[in-house]
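# my questions concern the predicted model and sequence given below.
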Amino acid sequence: MEGSSSLPSVLLPLSALLVLLAWDWLLVAIQAALLRAPLGDLRALLWQGTPQRALALEQVLKRRAGLALAVRLGLTLGHGAWLLALLWLLTQIGVLPATKNLGLIALGWLILALSELVVDVQARRRRPSWAPRLAPWALRVARLLAPLTMWLQRHFPSENERALSLSPSMFQRLLEAASGDLDPQHERMLNAITRLQFTLAREIMVPRVDMVALEVNTPLREAADLLLRTGYSRVPVYEGHIDNILGVLYAKELLKYCHFGPDGRSSQQPSLRALLREPYFVPESKRADELLREMQRKRVHMAIVIDEYGGVAGLVTLEDIVEEIVGEIQDEYDQQPVLRCEVLEENVYRCPARMDLDDVNEQLGTHFERSVADTLGGLIYTLLGRVPQPGDRIIEGDWELIVDEVEGQRILSVTLRPRRAAQDAKQEADHASS
(Lines give C-alpha, C1' and ligand atoms only; values in the text may rest on other atoms or scores of the structure.)
Protein backbone atom coordinates (compact mmCIF):
# COMPACT_ATOMS: atom_id res chain seq x y z
CA MET A 1 0.00 0.00 0.00
CA GLU A 2 1.40 3.43 -0.98
CA GLY A 3 2.58 5.58 1.90
CA SER A 4 2.69 2.63 4.24
CA SER A 5 5.91 1.50 5.87
CA SER A 6 7.40 -1.75 7.08
CA LEU A 7 7.13 -2.68 10.75
CA PRO A 8 10.86 -2.25 11.54
CA SER A 9 10.84 1.30 10.22
CA VAL A 10 7.92 2.13 12.54
CA LEU A 11 9.40 0.42 15.61
CA LEU A 12 12.46 2.67 15.67
CA PRO A 13 10.61 6.02 16.01
CA LEU A 14 8.05 4.37 18.31
CA SER A 15 10.84 3.14 20.61
CA ALA A 16 12.41 6.60 20.60
CA LEU A 17 9.03 8.09 21.47
CA LEU A 18 8.59 5.74 24.45
CA VAL A 19 12.14 6.32 25.74
CA LEU A 20 11.66 10.09 25.54
CA LEU A 21 8.30 9.75 27.30
CA ALA A 22 9.99 7.86 30.17
CA TRP A 23 12.71 10.56 30.30
CA ASP A 24 10.02 13.24 30.51
CA TRP A 25 8.15 11.46 33.30
CA LEU A 26 11.39 10.99 35.27
CA LEU A 27 12.22 14.70 35.12
CA VAL A 28 8.68 15.74 36.03
CA ALA A 29 8.75 13.38 39.03
CA ILE A 30 12.14 14.75 40.16
CA GLN A 31 10.84 18.29 39.83
CA ALA A 32 7.68 17.60 41.84
CA ALA A 33 9.12 15.31 44.54
CA LEU A 34 12.49 16.99 45.10
CA LEU A 35 12.83 20.46 43.61
CA ARG A 36 9.43 21.91 44.50
CA ALA A 37 9.22 20.31 47.93
CA PRO A 38 9.72 22.31 51.15
CA LEU A 39 13.26 21.87 52.45
CA GLY A 40 11.97 20.84 55.86
CA ASP A 41 9.97 17.97 54.37
CA LEU A 42 13.00 16.66 52.51
CA ARG A 43 15.29 16.92 55.53
CA ALA A 44 12.78 14.86 57.50
CA LEU A 45 13.27 12.10 54.90
CA LEU A 46 17.07 12.13 55.08
CA TRP A 47 17.39 8.99 57.18
CA GLN A 48 14.53 6.99 55.71
CA GLY A 49 15.64 4.22 53.40
CA THR A 50 19.15 3.04 52.64
CA PRO A 51 22.27 5.06 53.56
CA GLN A 52 23.07 5.40 49.84
CA ARG A 53 19.71 7.05 49.18
CA ALA A 54 20.14 9.26 52.24
CA LEU A 55 23.51 10.49 51.00
CA ALA A 56 22.07 11.09 47.53
CA LEU A 57 19.17 13.06 49.03
CA GLU A 58 21.62 15.16 51.02
CA GLN A 59 23.51 15.96 47.80
CA VAL A 60 20.23 16.99 46.18
CA LEU A 61 19.53 19.37 49.07
CA LYS A 62 22.96 20.94 48.62
CA ARG A 63 22.63 21.36 44.85
CA ARG A 64 18.96 22.16 44.32
CA ALA A 65 19.65 25.30 42.25
CA GLY A 66 21.96 23.48 39.85
CA LEU A 67 19.61 20.49 39.67
CA ALA A 68 16.66 22.75 38.88
CA LEU A 69 18.56 24.17 35.91
CA ALA A 70 19.50 20.67 34.73
CA VAL A 71 15.88 19.48 34.98
CA ARG A 72 14.53 22.51 33.10
CA LEU A 73 17.14 22.00 30.40
CA GLY A 74 16.36 18.28 30.24
CA LEU A 75 12.63 18.95 29.89
CA THR A 76 13.20 21.52 27.14
CA LEU A 77 15.46 19.20 25.16
CA GLY A 78 13.16 16.26 25.84
CA HIS A 79 10.07 18.08 24.59
CA GLY A 80 11.84 19.06 21.39
CA ALA A 81 13.15 15.54 20.83
CA TRP A 82 9.71 14.07 21.60
CA LEU A 83 8.07 16.30 18.99
CA LEU A 84 10.67 15.28 16.39
CA ALA A 85 10.14 11.59 17.25
CA LEU A 86 6.37 12.05 16.89
CA LEU A 87 6.80 13.69 13.48
CA TRP A 88 9.14 10.88 12.48
CA LEU A 89 6.59 8.25 13.53
CA LEU A 90 3.73 9.94 11.71
CA THR A 91 5.88 10.25 8.60
CA GLN A 92 6.76 6.55 8.74
CA ILE A 93 3.13 5.46 8.97
CA GLY A 94 2.23 7.75 6.07
CA VAL A 95 -0.08 10.38 7.61
CA LEU A 96 2.22 13.35 6.94
CA PRO A 97 2.59 15.79 5.31
CA ALA A 98 -1.20 15.90 4.94
CA THR A 99 -2.36 19.12 6.66
CA LYS A 100 -5.63 17.61 7.84
CA ASN A 101 -3.68 15.13 9.99
CA LEU A 102 -1.79 17.81 11.91
CA GLY A 103 -4.47 17.35 14.55
CA LEU A 104 -2.67 14.13 15.47
CA ILE A 105 0.35 16.18 16.50
CA ALA A 106 -1.81 18.36 18.74
CA LEU A 107 -3.41 15.24 20.19
CA GLY A 108 -0.01 13.70 20.90
CA TRP A 109 1.14 16.92 22.60
CA LEU A 110 -2.04 16.96 24.71
CA ILE A 111 -1.43 13.36 25.78
CA LEU A 112 2.11 14.29 26.81
CA ALA A 113 0.86 17.26 28.87
CA LEU A 114 -1.83 15.18 30.59
CA SER A 115 0.64 12.40 31.40
CA GLU A 116 2.99 14.99 32.94
CA LEU A 117 0.13 16.25 35.08
CA VAL A 118 -0.62 12.73 36.34
CA VAL A 119 3.05 12.09 37.19
CA ASP A 120 3.30 15.49 38.92
CA VAL A 121 0.26 14.80 41.11
CA GLN A 122 1.47 11.29 42.01
CA ALA A 123 4.98 12.52 42.85
CA ARG A 124 3.61 15.19 45.19
CA ARG A 125 1.18 12.80 46.84
CA ARG A 126 3.79 10.06 47.36
CA ARG A 127 6.74 12.32 48.09
CA PRO A 128 7.86 10.48 51.29
CA SER A 129 8.43 7.24 49.35
CA TRP A 130 9.37 8.71 45.96
CA ALA A 131 11.88 11.38 47.03
CA PRO A 132 14.58 9.02 48.44
CA ARG A 133 14.23 6.74 45.39
CA LEU A 134 14.45 9.61 42.91
CA ALA A 135 17.45 11.31 44.55
CA PRO A 136 20.10 9.02 42.93
CA TRP A 137 18.39 9.48 39.55
CA ALA A 138 18.42 13.26 40.00
CA LEU A 139 22.19 13.16 40.52
CA ARG A 140 22.61 11.00 37.39
CA VAL A 141 20.60 13.50 35.36
CA ALA A 142 22.75 16.33 36.73
CA ARG A 143 25.94 14.50 35.75
CA LEU A 144 24.59 13.72 32.28
CA LEU A 145 23.69 17.35 31.58
CA ALA A 146 26.61 18.87 33.52
CA PRO A 147 28.53 20.09 30.42
CA LEU A 148 25.50 22.01 29.15
CA THR A 149 24.46 23.43 32.53
CA MET A 150 28.01 24.53 33.32
CA TRP A 151 28.24 26.25 29.93
CA LEU A 152 24.94 28.05 30.56
CA GLN A 153 25.96 29.12 34.07
CA ARG A 154 29.32 30.35 32.84
CA HIS A 155 27.98 32.38 29.91
CA PHE A 156 24.62 33.45 31.34
CA PRO A 157 25.01 33.84 35.13
CA SER A 158 22.04 35.16 37.04
CA GLU A 159 22.23 38.47 38.87
CA ASN A 160 22.24 36.66 42.22
CA GLU A 161 25.14 34.45 41.15
CA ARG A 162 27.14 37.44 39.98
CA ALA A 163 26.47 39.26 43.24
CA LEU A 164 27.38 36.29 45.42
CA SER A 165 30.24 34.79 43.42
CA LEU A 166 32.92 35.37 46.07
CA SER A 167 35.06 32.27 46.16
CA PRO A 168 36.95 31.16 49.28
CA SER A 169 40.26 32.08 47.63
CA MET A 170 38.96 35.56 46.78
CA PHE A 171 37.73 35.98 50.36
CA GLN A 172 41.15 34.88 51.63
CA ARG A 173 42.88 37.46 49.43
CA LEU A 174 40.55 40.19 50.67
CA LEU A 175 41.23 39.10 54.24
CA GLU A 176 44.99 39.26 53.66
CA ALA A 177 44.65 42.71 52.12
CA ALA A 178 42.73 43.93 55.18
CA SER A 179 44.96 42.17 57.71
CA GLY A 180 46.73 45.40 58.58
CA ASP A 181 43.44 46.85 59.82
CA LEU A 182 42.51 43.80 61.93
CA ASP A 183 43.79 42.83 65.33
CA PRO A 184 45.32 39.30 65.47
CA GLN A 185 42.36 37.80 67.35
CA HIS A 186 39.80 38.97 64.80
CA GLU A 187 42.03 37.85 61.95
CA ARG A 188 42.33 34.36 63.47
CA MET A 189 38.56 34.15 63.89
CA LEU A 190 37.90 35.18 60.28
CA ASN A 191 40.43 32.63 59.06
CA ALA A 192 38.73 29.98 61.19
CA ILE A 193 35.33 30.88 59.74
CA THR A 194 36.63 30.44 56.18
CA ARG A 195 38.08 27.05 57.14
CA LEU A 196 34.70 25.78 58.35
CA GLN A 197 33.60 25.07 54.78
CA PHE A 198 36.54 22.66 54.43
CA THR A 199 35.94 21.00 57.82
CA LEU A 200 33.77 17.87 58.00
CA ALA A 201 31.62 16.70 60.90
CA ARG A 202 33.84 13.65 61.47
CA GLU A 203 36.83 15.94 62.07
CA ILE A 204 35.25 17.81 64.99
CA MET A 205 32.93 15.19 66.47
CA VAL A 206 33.28 13.46 69.82
CA PRO A 207 34.08 9.90 68.66
CA ARG A 208 31.76 7.03 69.46
CA VAL A 209 34.12 5.55 72.08
CA ASP A 210 34.13 8.84 74.03
CA MET A 211 30.38 9.41 73.91
CA VAL A 212 28.45 9.56 77.18
CA ALA A 213 25.03 8.02 76.59
CA LEU A 214 22.18 6.44 78.54
CA GLU A 215 20.22 3.25 77.94
CA VAL A 216 16.51 4.01 77.73
CA ASN A 217 15.66 1.72 80.67
CA THR A 218 18.05 3.53 83.04
CA PRO A 219 16.21 4.64 86.24
CA LEU A 220 15.69 8.38 86.56
CA ARG A 221 17.91 8.53 89.66
CA GLU A 222 20.85 6.98 87.80
CA ALA A 223 20.28 9.29 84.85
CA ALA A 224 20.28 12.31 87.16
CA ASP A 225 23.48 11.09 88.86
CA LEU A 226 25.21 10.75 85.48
CA LEU A 227 24.26 14.28 84.44
CA LEU A 228 25.42 15.68 87.79
CA ARG A 229 28.68 13.74 87.65
CA THR A 230 29.58 14.72 84.08
CA GLY A 231 28.10 18.22 84.08
CA TYR A 232 26.49 17.63 80.69
CA SER A 233 23.21 19.42 80.00
CA ARG A 234 22.12 16.85 77.40
CA VAL A 235 23.03 13.26 76.51
CA PRO A 236 21.87 10.85 73.79
CA VAL A 237 19.69 7.92 74.82
CA TYR A 238 19.76 4.53 73.06
CA GLU A 239 17.90 1.25 73.24
CA GLY A 240 19.80 -2.02 73.19
CA HIS A 241 22.97 -0.71 71.54
CA ILE A 242 24.50 2.67 70.80
CA ASP A 243 23.62 2.50 67.08
CA ASN A 244 19.93 2.68 68.00
CA ILE A 245 19.68 6.27 69.25
CA LEU A 246 16.11 7.07 70.32
CA GLY A 247 16.52 10.70 71.30
CA VAL A 248 18.31 13.26 73.43
CA LEU A 249 17.69 13.77 77.15
CA TYR A 250 17.87 17.35 78.43
CA ALA A 251 18.84 17.87 82.06
CA LYS A 252 16.17 20.53 82.51
CA GLU A 253 13.48 18.00 81.50
CA LEU A 254 14.80 15.49 84.02
CA LEU A 255 14.95 18.06 86.84
CA LYS A 256 11.15 18.30 86.85
CA TYR A 257 11.00 14.76 88.27
CA CYS A 258 13.97 14.83 90.65
CA HIS A 259 11.96 14.77 93.89
CA PHE A 260 13.24 11.47 95.27
CA GLY A 261 11.91 9.74 98.35
CA PRO A 262 13.87 7.78 101.00
CA ASP A 263 13.94 4.73 98.73
CA GLY A 264 15.66 6.74 95.98
CA ARG A 265 12.60 6.66 93.76
CA SER A 266 10.91 9.70 92.31
CA SER A 267 7.40 10.52 93.45
CA GLN A 268 6.52 10.69 89.76
CA GLN A 269 7.87 7.90 87.60
CA PRO A 270 7.67 8.71 83.88
CA SER A 271 9.86 6.55 81.71
CA LEU A 272 13.05 8.02 80.32
CA ARG A 273 11.53 7.49 76.88
CA ALA A 274 8.80 10.03 77.62
CA LEU A 275 11.36 12.78 78.29
CA LEU A 276 13.33 12.42 75.06
CA ARG A 277 13.57 14.98 72.31
CA GLU A 278 13.90 13.97 68.68
CA PRO A 279 17.53 13.34 67.68
CA TYR A 280 19.13 15.22 64.80
CA PHE A 281 21.22 12.96 62.55
CA VAL A 282 23.91 14.12 60.12
CA PRO A 283 26.39 12.20 57.94
CA GLU A 284 30.13 12.19 58.61
CA SER A 285 30.66 14.15 55.39
CA LYS A 286 28.53 17.11 56.54
CA ARG A 287 30.41 20.38 56.21
CA ALA A 288 30.82 22.25 59.49
CA ASP A 289 29.54 25.57 58.10
CA GLU A 290 26.35 23.93 56.80
CA LEU A 291 25.91 22.05 60.07
CA LEU A 292 26.21 25.29 62.05
CA ARG A 293 23.52 26.98 59.95
CA GLU A 294 21.18 24.00 60.22
CA MET A 295 21.63 23.70 63.99
CA GLN A 296 20.87 27.41 64.36
CA ARG A 297 17.79 27.12 62.18
CA LYS A 298 16.50 23.98 63.93
CA ARG A 299 17.49 25.35 67.35
CA VAL A 300 19.26 22.16 68.36
CA HIS A 301 22.54 21.91 70.27
CA MET A 302 23.54 18.34 69.48
CA ALA A 303 23.79 16.29 66.28
CA ILE A 304 24.37 12.53 66.08
CA VAL A 305 26.96 11.75 63.39
CA ILE A 306 26.20 8.69 61.25
CA ASP A 307 28.73 6.74 59.19
CA GLU A 308 28.15 5.43 55.66
CA TYR A 309 26.69 2.17 57.00
CA GLY A 310 24.10 3.88 59.20
CA GLY A 311 25.97 3.29 62.46
CA VAL A 312 26.73 5.97 65.03
CA ALA A 313 30.19 7.46 64.48
CA GLY A 314 30.02 10.13 67.19
CA LEU A 315 28.28 13.36 68.09
CA VAL A 316 28.80 17.07 67.46
CA THR A 317 27.59 19.89 69.68
CA LEU A 318 27.14 23.53 68.88
CA GLU A 319 30.03 24.22 71.26
CA ASP A 320 32.33 21.99 69.18
CA ILE A 321 31.68 24.13 66.09
CA VAL A 322 32.02 27.41 67.97
CA GLU A 323 35.35 26.21 69.37
CA GLU A 324 36.59 25.80 65.80
CA ILE A 325 36.13 29.57 65.45
CA VAL A 326 37.06 31.04 68.84
CA GLY A 327 39.28 28.29 70.26
CA GLU A 328 38.77 25.92 73.20
CA ILE A 329 36.05 26.89 75.68
CA GLN A 330 36.73 25.64 79.19
CA ASP A 331 34.18 25.83 81.98
CA GLU A 332 33.91 24.46 85.49
CA TYR A 333 32.32 21.22 84.22
CA ASP A 334 34.93 20.38 81.59
CA GLN A 335 36.73 17.26 82.75
CA GLN A 336 38.76 16.87 79.56
CA PRO A 337 41.64 19.39 79.38
CA VAL A 338 42.94 20.63 76.07
CA LEU A 339 44.99 17.76 74.65
CA ARG A 340 48.70 18.55 74.68
CA CYS A 341 51.92 16.60 74.32
CA GLU A 342 54.02 16.07 77.45
CA VAL A 343 57.79 16.61 77.26
CA LEU A 344 59.57 13.53 78.67
CA GLU A 345 63.10 14.65 77.84
CA GLU A 346 64.80 16.61 75.10
CA ASN A 347 63.10 15.79 71.77
CA VAL A 348 60.99 13.03 73.34
CA TYR A 349 57.26 13.58 73.83
CA ARG A 350 54.23 11.63 75.05
CA CYS A 351 50.96 12.52 73.31
CA PRO A 352 47.35 11.33 73.79
CA ALA A 353 46.45 8.94 70.98
CA ARG A 354 43.19 10.76 70.27
CA MET A 355 45.01 14.03 69.68
CA ASP A 356 44.26 15.59 66.30
CA LEU A 357 47.14 15.34 63.82
CA ASP A 358 46.91 19.06 63.08
CA ASP A 359 47.45 19.79 66.78
CA VAL A 360 50.40 17.38 66.91
CA ASN A 361 51.94 19.06 63.87
CA GLU A 362 51.44 22.49 65.42
CA GLN A 363 52.90 21.57 68.82
CA LEU A 364 55.84 19.42 67.71
CA GLY A 365 56.60 20.72 64.24
CA THR A 366 55.84 17.35 62.65
CA HIS A 367 54.33 16.94 59.18
CA PHE A 368 51.93 14.03 59.55
CA GLU A 369 49.40 13.88 56.70
CA ARG A 370 45.68 13.89 57.52
CA SER A 371 44.85 12.12 54.28
CA VAL A 372 45.06 8.71 55.99
CA ALA A 373 43.79 9.51 59.52
CA ASP A 374 42.52 12.34 61.70
CA THR A 375 44.18 11.39 65.00
CA LEU A 376 47.54 10.08 66.17
CA GLY A 377 45.98 6.74 67.14
CA GLY A 378 44.27 6.48 63.77
CA LEU A 379 47.61 7.07 62.04
CA ILE A 380 49.20 4.20 63.97
CA TYR A 381 46.29 1.87 63.17
CA THR A 382 46.62 2.74 59.47
CA LEU A 383 50.38 2.22 59.38
CA LEU A 384 50.37 -1.01 61.41
CA GLY A 385 47.35 -2.60 59.76
CA ARG A 386 46.50 -4.50 62.96
CA VAL A 387 45.54 -3.93 66.59
CA PRO A 388 48.58 -2.26 68.22
CA GLN A 389 50.37 -3.67 71.25
CA PRO A 390 52.34 -1.69 73.87
CA GLY A 391 55.90 -1.24 72.63
CA ASP A 392 55.05 -1.35 68.91
CA ARG A 393 57.34 1.02 67.00
CA ILE A 394 56.66 2.73 63.69
CA ILE A 395 58.83 5.04 61.60
CA GLU A 396 56.81 7.74 59.85
CA GLY A 397 58.78 10.42 58.04
CA ASP A 398 61.40 11.85 60.39
CA TRP A 399 59.73 10.54 63.55
CA GLU A 400 59.51 7.30 65.48
CA LEU A 401 56.15 6.52 67.10
CA ILE A 402 56.05 4.12 70.06
CA VAL A 403 52.77 2.75 71.41
CA ASP A 404 52.73 3.31 75.19
CA GLU A 405 49.35 2.32 76.58
CA VAL A 406 46.55 0.26 75.06
CA GLU A 407 43.14 -0.40 76.60
CA GLY A 408 41.36 -3.18 74.76
CA GLN A 409 41.71 -2.22 71.11
CA ARG A 410 42.11 1.46 71.88
CA ILE A 411 45.46 3.26 71.99
CA LEU A 412 45.70 5.66 74.94
CA SER A 413 49.11 7.32 74.54
CA VAL A 414 52.03 7.42 72.13
CA THR A 415 55.68 8.44 72.54
CA LEU A 416 57.26 10.41 69.71
CA ARG A 417 60.90 11.19 69.10
CA PRO A 418 62.88 12.26 66.03
CA ARG A 419 64.15 9.43 63.88
CA ARG A 420 67.79 10.45 64.38
CA ALA A 421 67.39 10.32 68.16
CA ALA A 422 65.80 6.89 67.83
CA GLN A 423 68.75 5.64 65.76
CA ASP A 424 71.23 7.05 68.31
CA ALA A 425 69.36 5.32 71.13
CA LYS A 426 69.41 2.02 69.22
CA GLN A 427 73.16 2.30 68.60
CA GLU A 428 73.78 3.01 72.30
CA ALA A 429 71.72 -0.04 73.23
CA ASP A 430 73.69 -2.19 70.76
CA HIS A 431 77.01 -0.96 72.19
CA ALA A 432 75.85 -1.63 75.74
CA SER A 433 74.85 -5.20 74.88
CA SER A 434 78.09 -5.97 73.01
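Yep, it's here. Numbers count the residues shown, from 1 in each chain.
# what about A65, helix or strand, and which?
Remark: A65 resides in helix 64-92, with elements defined by DSSP states H and E.
# next SSE downstream of that helix?
Per DSSP H and E, the helix or strand that comes after helix 64-92 is helix 103-125.
# what's the angle from that next one to helix 64-92?
Regarding helix 103-125 and helix 64-92, their directions subtend 150 degrees when assessed with axes from the mean of the first three to the mean of the last three C-alpha atoms, to 10 degrees.
# heads up, I number from 65, so please use that
From this message on, residue numbering opens at 65, which makes the last subject helix 167-189.
# now the helix or strand just after helix 167-189: buried residues?
Toward the C-terminus, helix 167-189 is succeeded by helix 191-208 as the next helix or strand (DSSP H and E). Buried residues in helix 191-208, counting neighbours by 16 or more other C-beta atoms under 10 Å, are found at R191, W194, A195, P196, R197, L198, A199, P200, A202, L203, V205, A206. Every residue, glycine included, has its C-beta placed from N, CA and C.
# next, the buried residues of stretch 335-352.
L336, L339, L340, P343, Y344, F345, V346, P347, K350, R351, A352.
# got phi/psi on the fifth one?
This points to Y344. Its backbone dihedrals place Y344 at phi -110, psi 120, with angles given as degrees, to the nearest 10.
# doesn't I368 make contact with it?
Yes - when contacts are counted by C-beta atoms under 8 Å, Y344 is listed as touching I368 (6.8 Å).
# pull the number of nearby residues for D420.
Counted with other C-beta atoms under 10 Å, residues neighbouring D420 total 18.
# partners of it in the sheet?
According to DSSP bridges, T439 are recorded as the beta-bridge partners of D420.
# let me know the pLDDT of it.
On pLDDT, D420 comes in at 84.
# go on, I458?
In this prediction, I458 carries a pLDDT score of 89.
# give the next helix or strand downstream of the helix or strand encompassing it.
According to DSSP H and E, I458 maps onto strand 457-460. Past strand 457-460, further along toward the C-terminus, the next helix or strand under DSSP H and E is strand 463-471.
# for the stretch 165-314 of the chain, which spans come out with low pLDDT?
By pLDDT under 70, the weakly predicted segments of the stretch 165-314 of the chain are 165-167, 217-258.
# let's see the distance spanning stretch 151-170 from one end to the other.
Here the two ends of stretch 151-170 are set 11 Å apart, with distance taken as C-alpha to C-alpha, to the nearest Å.
# before we move on, back to that, just how off-centre is the helix holding A129 within its chain?
In this view, helix 128-156 has its centroid 33 Å away from the chain centroid, taken as C-alpha atoms, centre = their mean, to the nearest Å.
# buried residues in that helix?
Neighbour-count burial for helix 128-156, counted by 16+ other C-beta under 10 Å, picks out 128, 131-139, 142-143, 145-146, 149-150, 152-154, 156.
# same deal with stretch 457-471?
Taking 16+ other C-beta under 10 Å as the neighbour-count basis, stretch 457-471 is seen to contain the buried residues I458, E460, W463, E464, L465, I466, V467, D468, V470.
# how about stretch 449-458?
When burial is assessed from 16+ other C-beta under 10 Å, stretch 449-458 yields the following buried residues: P452, D456, I458.
# from the buried residues of stretch 457-471, pick the one nearest Y373.
Taking C-beta to C-beta as the measure, Y373 lies nearest V470 of those, at 25.5 Å.
# show me what contacts the closest one?
With C-beta atoms under 8 Å, 6 or more residues apart in numbering as the criterion, the residues that contact V470 are P452, Q453, P454, L476.
# also D438?
Applying C-beta under 8 Å, 6+ apart as the definition, the contact partners of D438 turn out to be R266, E267, D420, L421.
# ok, now which ones touch the second one?
Spelled out, that is E267. Applying C-beta under 8 Å, 6+ apart to E267 gives the contacts A352, D420, D438.
# if you set the cut-off to 10 Å instead, what comes out?
Counting by C-beta atoms under 10 Å, 6 or more residues apart in numbering, E267 touches E348, A352, V380, E388, D420, D422, R434, D438, T439.
# against Y373, how distant is it?
Taking C-beta to C-beta, to the nearest Å as the measure, E267 falls 19 Å from Y373.
# wait, doesn't L181 sit right on W89?
No - using C-beta atoms under 10 Å, L181 makes no contact with W89, being 11.1 Å away.
# who has more neighbours, those two?
Each of L181 and W89 has its neighbours counted (other C-beta under 10 Å); W89 has more, 19 against 11.
# which residues in the stretch 315-464 of the chain form strands?
Under the criterion DSSP state E, counting those that start in this stretch, the stretch 315-464 of the chain carries strands at the ranges 345-347, 366-370, 376-381, 406-409, 412-416, 457-460, 463-471.
# dump those to CSV, plus distance to Y302.
As requested, those are arranged in CSV below (distance: least, C-beta to C-beta, whole Å):
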stretch, distance to Y302
strand 345-347, 13
strand 366-370, 10
strand 376-381, 8
strand 406-409, 35
strand 412-416, 26
strand 457-460, 35
strand 463-471, 22
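# distance of D289 relative to A120?
Summarising the geometry, the distance separating D289 from A120, computed by C-beta to C-beta, is 43 Å.
# settle it for me: which of the two has more neighbours?
Under the neighbour definition other C-beta under 10 Å, D289 and A120 were set side by side, and A120 has more, 21 against 12.
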